[in-house]
Every structure is written in C-alpha cells, then in structure tokens.
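**Student:** only geometry, no sequence info:
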Ligand SMILES: NC(=O)C1=CN([C@@H]2O[C@H](COP(=O)(O)OP(=O)(O)OC[C@H]3O[C@@H](n4cnc5c(N)ncnc54)[C@H](OP(=O)(O)O)[C@@H]3O)[C@@H](O)[C@H]2O)C=CC1
Ligand SMILES: CC(=O)[C@@H](O)[C@H](O)COP(=O)(O)O
Ligand SMILES: [Mn+2]
C-alpha cells in the first residue's frame with residue numbers, strides 16, 4: 001500500500017490520478033489533496049470520497065467556501081454530522097509546500113506553473129518519491145532540483161519522459177546516442193507561420209489527441225510544451241541538448257524513443273491516455289495492470305513522423321539555447337511564457353506574439369547567476385514577467 005499526496009487534484013492530471021486510485025484501492029491510499037481553490041466543490045467531494053487527512057488550497061480566501069462545501073457534500077452523501085471527521089484544512093500560498101511535506105510515500109505534483117517549484121523541492125527534501133507532472137518546476141529550478149534529488153527519486157509523469165524512462169530501464173548512460181521526443185504538433189500542426197497570424201484561443205485549445213488543462217494545451221499549440229519538455233528531458237536524463245531531437249508524430253501513440261549507440265531504437269507505444277504514465281509513476285517501478293488500454297494489434301495503423309517546422313514553431317530552438325546557457329534562462333523562458341499565454345487567452349497578444357515575445361525577453365535578459373535558492377529563481381522570474389508585460393504592452397500599442 002502506498003500513501004499518496006495529490007497536488008493539483010482537481011485538474012486533468014489530478015482527476016486521472018484519482019481514477020487510478022479508485023480502481024486500485026489495494027495499492028494506493030490518498031492522505032492529502034491540494035489545489036488552487038478554483039473548484040472547492042470538486043475538492044470537497046474528492047476529500048470526503050477518499051477520506052483524506054488534510055486538504056490544501058492556495059487561495060486562502062476560499063477557506064470558508066471549502067468548509068461549506070464539505071458540509072454540502074456530506075449532506076449529499078446522507079452523512080449525519082458526528083458520523084464523519086472533516087479533514088484538516090491548510091490554506092495560503094505555502095499550502096502545497098506544507099502538503100508536500102505531509103507523511104506519505106509518493107507526492108504527485110500535478111499543479112500548473114512554476115509555482116510548483118517549492119512543493120517539488122519540499123517533497124525531495126523530505127525524501128519522498130516525486131511523481132512529477134509539473135514540468136515547469138524542473139525547468140525553472142533545474143539547478144536547485146539537481147542539487148537535492150537522489151537518483152531515482154523523481155519519476156516522470158509527462159508522457160514523453162515516462163516513455164524515455166521506460167526505454168532506459170536497465171541500460172547504461174554510455175549506450176545512449178540520442179533521445180527523440182515526439183510531439184503531436186498541437187492544434188495547428190502542419191500550418192506555416194503565415195497561417196498562424198489570426199488563430200484564436202478557442203482554436204488553440206482544441207488539442208488533436210490529448211484532453212488536458214488549458215495552459216499545457218496552448219503550450220502544445222505553440223510548441224512551447226515541447227520546448228519545456230526538451231529542458232525537462234535534459235534535466236531528468238542528463239543528455240546534452242545536441243542529442244535531444246523532436247519529431248512530430250500526429251497520432252500520439254509513440255510517446256518518445258531512445259536511440260542507442262549500436263543503431264537500435266526503442267520506442268514506448270500506447271494510445272494517448274495519461275492514466276498509464278500516472279499509474280506507472282505512482283507505483284514505480286511496478287506496472288499497474290489495466291491502467292489504460294493497449295494498442296489494438298488486430299487493426300491496421302499508420303504512424304507518421306515528420307521533422308519540426310522551425311520557422312513556424314521556433315520555440316524548441318529558443319529553449320535549447322536557453323537550456324545550453326543554463327543558470328536562470330530556462331526559468332526566464334518559462335515565466336515569460338506563462339505571462340504570454342495569459343495575455344493570449346485574454347486577447348492582449350496574438351498567437352505568434354507568444355514565442356516572438358519569448359525571443360525578445362530572452363534577448364534582453366540580464367545575466368542572472370546560477371540560482372542557489374528559490375528566491376534567486378523568483379527574482380529572475382519577476383524580471384521575466386515584468387519584461388514580458390512591457391513587451392506585450394508595446395506590441396499592443
Ligand atoms: N493534463 C495532462 O495530460 C498533462 C499535464 N502535464 C503537466 O501537469 C501539470 C498540470 O496540468 P493539468 O492537469 O493539465 O492542468 P489543469 O489546469 O487541468 O489543473 C491544474 C491544477 O493545478 C491547480 N492549481 C492552479 N493554481 C494553483 C495554485 N496557485 N496552487 C496550487 N494549485 C493550483 C488547479 O486547482 P484549481 O483549478 O482547483 O484552482 C488544478 O488542480 C502541468 O504542469 C502540465 O504541464 C504534463 C503532461 C500531461
Ligand atoms: C500528454 C502529455 O504528455 C502532454 O505534454 C503532451 O505531450 C502534449 O502534447 P504535444 O505533443 O502536442 O505537446
Ligand atoms: Mn508531454
């Protein structure tokens with residue numbers, strides 16, 4: 001039995017993790033749930049269903065709403081007061097970090113954004129296994145994470161990195177020639193740059209193969225998701241940026257590949273369903289039977305692979321340059337992107353303006369030193385967010 005802390009429990013990753021837990025009550029027990037506070041009804045329902053010890057919300061202002069939601073949920077279940085014990089509530093900006101330190105075996109970090117860095121570090125410091133979906137924390141805080149993570153302590157949830165970890169099981173680093181990350185191509189795959197001028201957030205939010213939260217879906221459309229994933233792969237597997245390739249694979253069945261020095265390539269294949277990598281990360285190194293459907297080998301399949309169009313989607317090239325430069329540049333890349341995505345969604349920035357702004361912000365960035373603390377990362381991020389806003393305003397003027 002593994003005790004789990006689920007951060008981001010109300011989101012796409014979190015709800016799919018709970019589906020795995022429901023179907024495997026003999027393997028997993030959830031002891032804590034955390035979320036932003038945007039959906040206290042769902043959070044309360046999850047907490048009472050799973051009987052957790054503690055619930056956290058980042059937005060302290062919703063604490064009373066959460067308490068009311070517990071009572072409403074208990075009433076819905078026909079529970080009389082006195083028949084049940086309400087979970088403890090922790091609230092405020094440090095709530096996820098507090099939960100990441102809660103006694104457990106595995107912390108799943110499924111919150112969105114680089115605010116996931118502090119809980120990532122807290123889980124690692126406490127010696128927990130970290131099932132990591134929140135790639136932004138690794139991108140923003142790579143040097144800090146690298147310093148404290150023990151070998152094998154981080155188990156990737158991201159589908160590509162789960163695929164790579166599976167292909168790399170049992171091998172040695174010296175055997176690896178390159179990593180090949182696959183990309184669906186996002187909502188606008190196959191389009192040329194000039195065909196992206198007037199695309200809308202509604203169009204960008206229609207992912208061709210995955211059903212995910214809004215930020216990662218927009219990032220997929222700009223290819224910033226793949227850009228972040230290249231940095232994530234470098235941080236997780238210590239492979240040089242020159243040896244990490246991206247291929248567009250529209251079917252999202254091959255989740256990534258490892259090419260070895262003898263010319264062999266191993267790929268991990270399964271229909272696009274995040275419950276497979278989530279279950280594997282929660283149970284690592286064990287597989288959870290029936291976590292997701294397998295490829296139907298009685299049917300014909302056509303799996304395509306195409307090179308990335310760097311002119312239409314330059315984000316991967318920019319991220320590799322930021323990753324090679326290291327220090328705080330990946331954090332600047334990610335924080336500026338978080339601002340640009342919000343500006344695009346609210347109609348303040350055109351689609352192409354997202355990556356164009358990232359390029360301008362990176363070009364203007366001062367030479368921040370290697371971060372030694374979270375505050376160092378936050379300082380670089382604060383500069384990046386402000387510079388991104390200035391650039392966005394100048395674009396709109
Ligand atoms: N969805 C997917 O299939 C995949 C996602 N990922 C990564 O996993 C992470 C989560 O993505 P996804 O589940 O799609 O995102 P969602 O938007 O669906 O969910 C985000 C979760 O984070 C919570 N949250 C928001 N703000 C805060 C905050 N300030 N403090 C704590 N929690 C907060 C939300 O809570 P609430 O809404 O209740 O406020 C929600 O539970 C991202 O890093 C993403 O890149 C990686 C691979 C695949
Ligand atoms: C499911 C998952 O891991 C996402 O990060 C996915 O990779 C997004 O799809 P793209 O390949 O379009 O970025
Ligand atoms: Mn991914």
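**Tutor:** Sure thing, it's come through. The structure presented is a predicted model; accordingly, all values stated were derived computationally and were not measured. Numbers count the residues shown, from 1 in each chain. Ligands and ions are numbered 1, 2, ... in the order given.
**Student:** using the three-state scheme, assign the residue in the stretch 251-397 of the chain that ligand 3 sits nearest to.
**Tutor:** Nearest residue of the stretch 251-397 of the chain to ligand 3 (CB to the ion) works out as residue 255 at 8.0 Å. Backbone N, C-alpha and C define where each C-beta goes, glycine included. What DSSP: H, G, I helix; E, B strand; the rest coil gives for residue 255 is strand.
**Student:** so it touches residue 160, yeah?
**Tutor:** Yes: assessed by CB atoms under 8 Å, residue 255 is found in contact with residue 160 at 5.6 Å.
**Student:** look at these two and report which has more neighbours.
**Tutor:** residue 160 (27 against 24; other CB atoms under 10 Å).
**Student:** which residue packs closest to that one, ignoring adjacent ones?
**Tutor:** The shortest distance from residue 160 to any residue other than its chain neighbours is 4.1 Å, reached at residue 256 (CB to CB, 6 or more residues apart in numbering).
**Student:** residues near the one you found, how many?
**Tutor:** 27.
**Student:** now do the same contact list for it.
**Tutor:** 159, 160, 161, 163, 164, 167, 179, 180, 181, 182, 267, 268 (CB atoms under 8 Å, 6 or more residues apart in numbering).
**Student:** partner residues bridging it?
**Tutor:** Taking DSSP bridges, one obtains residue 181, residue 268 as the residues bridged to residue 256.
**Student:** which helix runs longest in the chain?
**Tutor:** Secondary structure assigned by DSSP state H gives helix 374-396 as the longest helix of the chain.
**Student:** up against ligand 3, what does the stretch 101-250 of the chain have?
**Tutor:** Proximity of the stretch 101-250 of the chain to ligand 3 is confined to 158, 159, 160 under the rule CB under 5 Å from the ion.
**Student:** gap between stretch 86-101 and the chain center?
**Tutor:** 20 Å (CA atoms, centre = their mean, to the nearest Å).
**Student:** buried set for it?
**Tutor:** The neighbour-count check on stretch 86-101 (16 or more other CB atoms under 10 Å) flags 87, 89, 90, 91, 95, 96, 97, 98, 99, 100, 101 as buried.
**Student:** same question, stretch 366-382
**Tutor:** Buried residues in stretch 366-382, defined by neighbour count with 16+ other CB under 10 Å: 368, 371, 376, 377, 378, 380, 381.
**Student:** residues contacting it, please?
**Tutor:** Applying CB under 8 Å, 6+ apart, the set of residues contacting stretch 366-382 is 114, 117-118, 121, 140-141, 143-144, 326-329, 331-332, 334-335, 383.
**Student:** can you list which of the residues you listed are found in helices?
**Tutor:** The helices, defined by DSSP H, take in 117-118, 121, 140-141, 143-144, 329, 331-332, 334-335, 383 from the contacts of stretch 366-382.
**Student:** that older thread, ligand 1: which of the contacts of residue 256 is nearest?
**Tutor:** Comparing the contacts of residue 256 against ligand 1 with CB to the nearest ligand atom places residue 159 closest, at 6.0 Å.
**Student:** where in the stretch 1-150 of the chain is pLDDT low?
**Tutor:** Along the stretch 1-150 of the chain, no part satisfies pLDDT under 70.
**Student:** what about residue 39, how many residues nearby?
**Tutor:** Neighbours of residue 39 under the rule other CB under 10 Å: 16.
**Student:** of the contacts of residue 256, closest to residue 131?
**Tutor:** Minimum distance to residue 131 across the contacts of residue 256 is 11.3 Å, recorded for residue 161 (CB to CB).
**Student:** identify the residue nearest the residue of the stretch 51-200 of the chain found nearest ligand 3 in space, chain neighbours excluded?
**Tutor:** Using CB to the ion, the single residue of the stretch 51-200 of the chain nearest to ligand 3 is residue 158, 4.2 Å away. Ranked by CB to CB, 6+ apart and with sequence neighbours excluded, the top spatial neighbour of residue 158 is residue 135, at 5.6 Å.
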